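Chemist: compute the structure for the input listed below.
(one chain, ligands or ions: 1)
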Amino acid sequence: MLKINHVTKKYGKTVANRDISFFVDDGQIAVLLGPNGAGKSTIIKCIAGLLRFDGDIEINGNPNKSMEAKRALGYIPELPALYDLLTVEEHMEFVRRAYRMEDDGTAQQLLERFELWDKRDKLGKELSKGMQQKLSICCALVHKPKVVIFDEPMVGLDPHAIKQLKEVFGELRDAGATVLISTHMIDSVEDSWDVVHIMMNGSFAATRQKGEVAEQSLEDLFFTITEGTDAAHSGEQKDGAGE
Ligand code: ADP
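Modeler: Purely as a prediction, here's the structure:
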């Protein structure tokens, strides 16, 4: 599970996250949807322990900067951060060993799934942008994390990888993992989400459970909220804060 409690993050005078609270349960997929600059990456980076912030974040019941939390977390950053001089296969081995995991075949399965197995001897610096993104996803999943946060994961992916990734979302949920996906590409999560938080100007403009919008597509909901035509719901925050 993932618990974000009253998180505020400022960059100088810019308030990127303003008193954000939400909870994602085991076996649940939460989506952060919002335009560029809404604050999605900032909250993801706060969760991943990359930024200082005011408030509290718990990953599986542990403070986000604790070793237990880091062990439980898989993080796919917005921009892949790979090693130029490690091969594809060495990346997987490096991450696996860092988490002290035995080689149970998961690394190879992931690489095959994302069509990187035949590229396993290529160096990080030799990979195309899409290949880098796919390897970044594989690296984040190889230790079988209980909580997985994806920051704009579809950017640069080819259709095969997008299909695989959508299946991965469902498999993680079925396995009881906690999943948080930040994106501005609405259709990429249309089939996958359980709860959506629509973010604008550092705050949640609205939160909806899947069952609440059965008749409405996520895209319709997004434009209703962000273009302010739904005065009854815009600006509220029914997000289970502090659960
Ligand atoms: P999103 O991921 O939704 O596009 P971000 O979290 O990247 O939004 O950005 C939220 C706000 O914080 C924006 O106004 C952005 O300009 C600002 N911001 C993001 N990163 C930095 C930074 N390193 N320094 C200063 N301002 C930043």
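
Chemist: from now on I want contacts and neighbour counts done on CA atoms only, so please keep to that.
Modeler: OK.

Chemist: identify the bridge partners of residue 180.
Modeler: Bridge pairing for residue 180 (DSSP bridges) gives the partners residue 30, residue 149.

Chemist: wait, doesn't it sit right on residue 150?
Modeler: Yes. With contact defined as Cα atoms under 8 Å, residue 180 counts as touching residue 150 (6.2 Å).

Chemist: over to residue 200: give its phi and psi.
Modeler: phi -150, psi 130 (degrees, to the nearest 10).

Chemist: nearest residue to it in space, please, no chain neighbours.
Modeler: residue 38 (4.7 Å; Cα to Cα, 6 or more residues apart in numbering).

Chemist: contacts only, for the one you found.
Modeler: By Cα atoms under 8 Å, 6 or more residues apart in numbering, the residues touching residue 38 are 16, 199, 200, 201, 202, 203.

Chemist: surely it forms part of a helix?
Modeler: No. Looking at residue 38 with DSSP: H, G, I helix; E, B strand; the rest coil, it is coil, so not inside a helix.

Chemist: so residue 42 sits in a helix?
Modeler: Yes. Secondary structure of residue 42 (three-state DSSP): part of a helix.

Chemist: correct me if wrong: it contacts residue 14.
Modeler: No. Residue 42 sits out of contact with residue 14 when judged by Cα under 8 Å, with a separation of 11.6 Å.

Chemist: burial count for residue 211?
Modeler: 9 (other Cα atoms under 10 Å).

Chemist: distance of it from residue 121?
Modeler: Separation of residue 211 from residue 121 (Cα to Cα, to the nearest Å): 46 Å.

Chemist: before we move on, what about residue 79?
Modeler: From residue 79 over to residue 121 (counting by Cα to Cα), the distance is 22 Å.

Chemist: contact partners for the residue nearest the centre of the chain?
Modeler: Of all residues in the chain, the one closest to the mean position by Cα atoms, centre = their mean is residue 150, 2.0 Å from it. Contact analysis of residue 150 by Cα under 8 Å, 6+ apart lists 75, 76, 77, 78, 179, 180, 181, 182.

Chemist: repeat for residue 27
Modeler: 172, 173, 174, 175, 176, 177, 178, 179.

Chemist: in strands, which of those residues appear?
Modeler: 178, 179 (DSSP state E).

Chemist: turn the contacts of residue 27 into CSV, including distance to the ligand, pLDDT and neighbour count.
Modeler: Formatted as CSV, those follow (distance: Cα to the nearest ligand atom, whole Å; pLDDT from 0 to 100; neighbours: other Cα atoms under 10 Å):
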residue, distance to the ligand, pLDDT, neighbour count
172, 23, 97, 22
173, 24, 97, 20
174, 27, 97, 13
175, 28, 97, 11
176, 26, 98, 16
177, 23, 98, 24
178, 20, 98, 27
179, 17, 98, 28
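
Chemist: ok, and of the contacts of residue 38, which contact the ligand?
Modeler: The subset of the contacts of residue 38 within reach of the ligand, by Cα under 6 Å from any ligand atom, is residue 16.

Chemist: just send the contacts of residue 38 back as a markdown table, with secondary structure too.
Modeler: Shown next, in a markdown table, are those (three-state DSSP):
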| residue | secondary structure |
| --- | --- |
| 16 | strand |
| 199 | strand |
| 200 | strand |
| 201 | coil |
| 202 | coil |
| 203 | strand |
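
Chemist: and which of the contacts of residue 38 is nearest to residue 131?
Modeler: Comparing the contacts of residue 38 against residue 131 with Cα to Cα places residue 199 closest, at 29.3 Å.

Chemist: distance check, the closest residue to the closest one other than its chain neighbours against residue 40.
Modeler: Take residue 199 and drop its neighbours on the chain: the residue closest to it by Cα to Cα, 6+ apart is residue 34, 4.8 Å away. To residue 40, residue 34 is 7 Å away according to Cα to Cα.
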